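> have a look at this prediction, sequence included:
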Amino acid sequence: MTTTERAATRLTRFARGGGCACKIPPGELESIVAELSASRAGDVPPPEPAYGELIIGLDDGDDAAVIAIEDGRAVVATADFFTPVVDDPYDWGRIAATNALSDVYAVGGTPVVAVNLLTWPRRTLSIDLAREVLRGGLDVARSAGCHVAGGHSVDGPEPVYGMAVTGLADPERLLRIDAGRAGQPISLTKPLGVGVLNNRHKATGEVFPQAVEVMTTLNRDASLTALAAGVRCATDVTGFGLLGHLYKLARASGVTAVVDVAAVPYLEGAREAVRDGHVSGGTRRNLTWVAPRLDAGRFGEEDLLLLADAQTSGGMLIAGEIPGAPVVGELVPREAAVLRLA
């Protein structure tokens, strides 16, 4: 398929949402899964007999499930998929695969094998476009040293793509969302703003290479560097925005997260996109969700929307410091607010 043929079809027009902004709102999602957690619902015991021990599961909303098995090893399992975030099918495939692999890196694991998850409206979109999407995913997985072994596809009303990924980890050296401690700095490994730039792309057709570059950069190096530095608490920043994911981390860890707003990095054009109204419904829902436990101080709507911007294949939030990642705040003893802007 030629570049001209790919450009003739605007994939984002076939999706109601885009990327991780199409997630079910965080408050609704938590209410759905609340009673699926064995530790929160005493009447839902673990399966018997069960192989291995579930050491990271549903309780706090970590990025992947982790099961400790024999010989000091753990299996990591996750799945992630979404509707088109950009019009180029190959780039969309790369972004979706990078995002799916990110969940394994976010808990300190190494991806081993992935299977494709694809929904395709085959009567309205060329199958050649689907091939390009899968090619993009395959290329990213190969660059990560991860096998791709088939998958599953269905004919559906809008295009959806992602991967289910299985990895390995050391159960004694995991990155957990509940392991943050007061006094630790908060580092962010990628700039924010891909959500509003993707919305501008969907509305206008403008292409933002800086956003594509961020979304196709693996979190592998950040994860390995964090583990080497002794970090034990981290998560990635995706559809719930920096505020949403940091809220979950601080809540699970029993601390308050203070964000140094001036230190948060943004992609070029992100602030202008917010001012021009390219804000997703998902971003606004993120802000509504955290607002009751947020001390926003003197900061107004523009800053709040950027901090709540629904990211696709974003960076990692790390309770600690690693080279090259700006410190954007700190964890402090629990206050009335779980999040505070400074």
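Happy to help now that I have it. Numbers count the residues shown, from 1 in each chain.

> strands along the stretch 201-342 of the chain, start to end?
Applying DSSP state E, counting those that start in this stretch to the stretch 201-342 of the chain gives strands spanning 234-236, 255-259, 294-295, 316-319, 327-333, 339-341.

> export those strands to TSV and tack on mean neighbour count?
Every C-beta, even on glycine, is put in place using the N, C-alpha and C of the backbone. Shown next, in TSV, are the strands of the stretch 201-342 of the chain (neighbours: other C-beta atoms under 10 Å):
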stretch	mean neighbour count
strand 234-236	28
strand 255-259	23
strand 294-295	18
strand 316-319	28
strand 327-333	18
strand 339-341	21
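
> of all those, which lies closest to Arg173?
Closest approach to Arg173 among those is made by strand 234-236 (11.9 Å; C-beta to C-beta).

> still on that earlier bit, including distance to Leu125 and mean pLDDT, could the strands of the stretch 201-342 of the chain go into TSV?
Output for those, formatted as TSV (distance: least, C-beta to C-beta, whole Å; pLDDT from 0 to 100):
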stretch	distance to Leu125	mean pLDDT
strand 234-236	29	96
strand 255-259	41	98
strand 294-295	40	98
strand 316-319	33	98
strand 327-333	40	98
strand 339-341	41	98
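
> including distance to Asn99, could those strands go into TSV?
Shown next, in TSV, are those (distance: least, C-beta to C-beta, whole Å):
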stretch	distance to Asn99
strand 234-236	9
strand 255-259	23
strand 294-295	26
strand 316-319	13
strand 327-333	21
strand 339-341	24
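
> domain parsing for the protein?
Structural domains annotated on the chain: 3-169, 185-341, as defined by automatic domain parsing.

> which of those has the lowest mean pLDDT?
For the domains of the chain, mean pLDDT drops lowest on domain 3-169, to a mean of 85.

> for it, what is the distance to the chain centroid?
Centroid separation for domain 3-169 versus its chain: 10 Å, with C-alpha atoms, centre = their mean, to the nearest Å.

> against Asp71, how distant is the most centrally placed residue in the chain?
The centre of the chain sits closest to Thr238, judged by C-alpha atoms, centre = their mean, with a distance of 2.9 Å. Distance of Thr238 to Asp71, computed by C-beta to C-beta, to the nearest Å: 32 Å.
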